[in-house]
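Asks: need coordinates for the following:
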Amino acid sequence: MHTPGPAIVLCTLNAKYIHASLGLRYLLANMGDLEPQTVLREFTIARKTQELADELLALQPRVIGFGVYIWNVTETTALVRLLKAARPGIRIVLGGPEVSHEWAEQEIVQLSDHVITGWGDISFPKLCRALLHGPQPLMKVMAGEQPELEAIALPYSRYTDTDLAHRLLYVEASRGCPFKCEFCLSSLDKTALAFDLDAFLAEMDALFQRGARNFKFVDRTFNLKIDNSARILQFFLDRMCDQLFVHFEVIPDHLPDRLKTLMAQFPSGVLQLEVGIQSFNPEVQQRISRRQDNTKTEANLRWLVQQSPAHLHTDLIFGLPGETWESFAQGFDRLHAMRPHEIQLGLLKRLRGTPIARHTQQHGMVYATQPPYAVQQTAVVDAATVQRFVRVARYWDLVANSGRFCQTLDVLLQGDSAFAAFAAWSDWLWQTAHRTHGLTPEDLVDALFDYLTTRRGMPTDAVRPLLLADYQRSGAHARPHCLRDVLPRPQSPQYSAKTRALAQRQAHHARSAAV
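Replies: All right, here's what the predicted structure looks like:
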């Protein structure tokens, strides 16, 4: 006997398996009477498109709702094309930021039946009822209804035991952002709205009781409302245990003593703070409507680095309107002098719908036409310089953000400008290796040795001990060419507690980084 499949499939393509779609779980939690007829299917962009189409078609759904993002729109478009070719009667509904703005000419929109722009928590279930039971909707593209937050069912019980064991858990205590930084889609929000904190913390406690230990907050402004921030921090302090890891994005110039006191109580390795600096250039900040007190930002960053146990992940963006290579370098040097644990070097992307587009003509902004729409050149930065920066950012991740070369990095960055020093190393490495990927830690050890001893003219007996200490501290146990004479024979690596903690933090960040 044929067993009918689910009427509705909620689907998205994640960048990695470790990611779990919070948006789809919101939709599932708010399906109401349709939830028993709805299933959730998450794939990764690495999977073959035909395999995904076959799996979805085997479910024989009547409606498939796709979450579409900048990192998966290309693959999702190909998947929708296969689905509609194989079974034209399936109703394809799109939602997500990539199809919420400038959608008219998008191929994926043309291939699909309906698009919900903006919030979908309430609008998607309504559309599904109409598609399944009538009357059939007349409009292809509809604006999502934004209800009061109290009307939205929280999604956290829809995280499965498998999710808890193997995936990052994304959570949000608030939605929206009151700031207007023009490169960010959140600049379109009117304000930030907080979920009922008692209800939210009850859900967090339920997750914790089920064994969840990894919480990544997606709030754009975690420390906007201090009373709520303090309660959330205290919630996790009260449940401190091994393996707990909590990630927040914080406003850098708003860190009152009340939050500092709570943050200082966390053990090392538990708290990760993402701090978006983006630019220290006041003219650029004003141009893109970014409000940031640079003096307060610097004071708070120094406190976080020097007096808190938090792992500090900071962000800078290259290619903003009017930002030159030289002014970016000055901002980098200012940030690096504070010694955050990581500096993420990002390239500006023109996300669909963001106000940054208003600067295109005046500042000569040229962007790639395909995702992720990265800037290719500006009036003050030519295409070759943008590509130079891309290499710097890649090598910075390998050498600095990896945490593998702490002692050697200090020597490498010596000079009037840390950024200039690293850019010189990056240029040399590119000319030598002609690649930015596939470089092993051993390749980097040998390259650093060659650069420091030949290009910089440093004595061999000064460079080799630095690289040896860094290499052994990292826990690696191969044999780079320049260390063969001083490394012991290969054996099981001995990891110190400090090394394990560093590796754990880097792994957490690698898993939690958004594409």
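
Asks: just confirm residue 470 is within a helix.
Replies: Yes. The assignment for residue 470 (DSSP: H, G, I helix; E, B strand; the rest coil) places it in a helix.

Asks: residue 25 reaches residue 155, doesn't it?
Replies: Yes. Counting by C-beta atoms under 8 Å, residue 25 sits close enough to residue 155 to count as a contact (3.7 Å). Glycine gets a C-beta too; all of them are placed from N, C-alpha and C.

Asks: and for residue 485, the neighbour number?
Replies: Here the count is done by other C-beta atoms under 10 Å, and residue 485 has 8 residues near it.

Asks: for the stretch 1-150 of the chain, just list every one of the strands.
Replies: 8-14, 38-44, 63-67, 91-95, 114-117, 141-143 (DSSP state E, counting those that start in this stretch).

Asks: how about the helix or strand containing residue 283, which residues are buried there?
Replies: In this assignment (DSSP states H and E), residue 283 forms part of helix 282-287. By neighbour count on 16 or more other C-beta atoms under 10 Å, the buried set for helix 282-287 is 284-285, 287.

Asks: outside of that helix, which residues touch it?
Replies: The contact list for helix 282-287, computed with C-beta atoms under 8 Å, 6 or more residues apart in numbering, reads 279, 290-292, 294, 320-323, 327, 359.

Asks: and stretch 389-398, by the same measure?
Replies: Under C-beta under 8 Å, 6+ apart, the answer for stretch 389-398 is 318-319, 325, 343, 345-347, 422-423, 425-427, 429-430, 436-437, 439, 444.

Asks: again, 7 Å this time
Replies: The contact list for stretch 389-398 (C-beta atoms under 7 Å, 6 or more residues apart in numbering) reads 318, 345, 347, 422-423, 426, 429-430, 436, 439, 444.

Asks: for stretch 242-255, same thing?
Replies: Contacts of stretch 242-255 (C-beta under 7 Å, 6+ apart): 213-217, 219-224, 236, 270-275, 277, 292-293, 296-297, 300-301, 508, 512.

Asks: which ones among those residues map onto strands?
Replies: 214-217, 271-275, 277 (DSSP state E).

Asks: tell me the two of these that are most distant?
Replies: 214 and 277 (25.5 Å; C-beta to C-beta).

Asks: and the two? Which one has more around it.
Replies: Comparing residue 214 with residue 277 by neighbour count (other C-beta under 10 Å), the higher total belongs to residue 277, at 24 against 19.

Asks: can you pull out the low-pLDDT segments for the stretch 351-500 of the chain?
Replies: Counting by pLDDT under 70, the ranges of the stretch 351-500 of the chain that qualify are 489-500.

Asks: which residues of it fall in strands?
Replies: 366-367, 375-377.

Asks: please work out which of those strands is packed deepest.
Replies: Burial of the strands of the stretch 351-500 of the chain is given as mean neighbour count (mean count of other C-beta atoms under 10 Å); strand 375-377 ranks first at a mean of 19.

Asks: quick one: that one to chain centroid distance?
Replies: What separates the centre of strand 375-377 from the centre of its chain is 21 Å, taken as C-alpha atoms, centre = their mean, to the nearest Å.

Asks: can you check stretch 372-391 too?
Replies: 21 Å.

Asks: can I get that stretch in PDB, CA atoms only?
Replies: Taking Å, rounded to 0.1, in the frame of the first residue of the first chain, the C-alpha atoms of stretch 372-391 are listed here in PDB:
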ATOM      1  CA  PRO A 372      28.700  36.900  -2.800                       C
ATOM      2  CA  TYR A 373      28.700  40.300  -4.700                       C
ATOM      3  CA  ALA A 374      32.200  41.200  -3.400                       C
ATOM      4  CA  VAL A 375      33.600  44.600  -4.300                       C
ATOM      5  CA  GLN A 376      36.100  44.400  -7.200                       C
ATOM      6  CA  GLN A 377      37.400  48.000  -7.200                       C
ATOM      7  CA  THR A 378      36.500  51.500  -6.000                       C
ATOM      8  CA  ALA A 379      37.500  55.000  -6.900                       C
ATOM      9  CA  VAL A 380      40.500  54.800  -4.500                       C
ATOM     10  CA  VAL A 381      41.300  51.100  -4.700                       C
ATOM     11  CA  ASP A 382      42.000  49.400  -8.000                       C
ATOM     12  CA  ALA A 383      41.300  45.800  -8.900                       C
ATOM     13  CA  ALA A 384      44.800  44.600  -8.400                       C
ATOM     14  CA  THR A 385      44.800  46.100  -4.900                       C
ATOM     15  CA  VAL A 386      41.600  44.300  -4.000                       C
ATOM     16  CA  GLN A 387      43.100  41.000  -5.100                       C
ATOM     17  CA  ARG A 388      46.200  41.900  -3.000                       C
ATOM     18  CA  PHE A 389      44.000  42.300   0.000                       C
ATOM     19  CA  VAL A 390      42.200  39.000  -0.600                       C
ATOM     20  CA  ARG A 391      45.600  37.300  -0.400                       C
END
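
Asks: buried set for it?
Replies: 373-378, 380-381, 385-386, 388-391.

Asks: which strands and helices sit next to the helix or strand that contains residue 332?
Replies: In the assignment (DSSP H and E), residue 332 maps to helix 325-336. Contacts defined by 3 or more C-beta pairs under 7 Å, 6 or more residues apart in numbering; DSSP states H and E place helix 325-336 against strand 311-318, helix 418-433.
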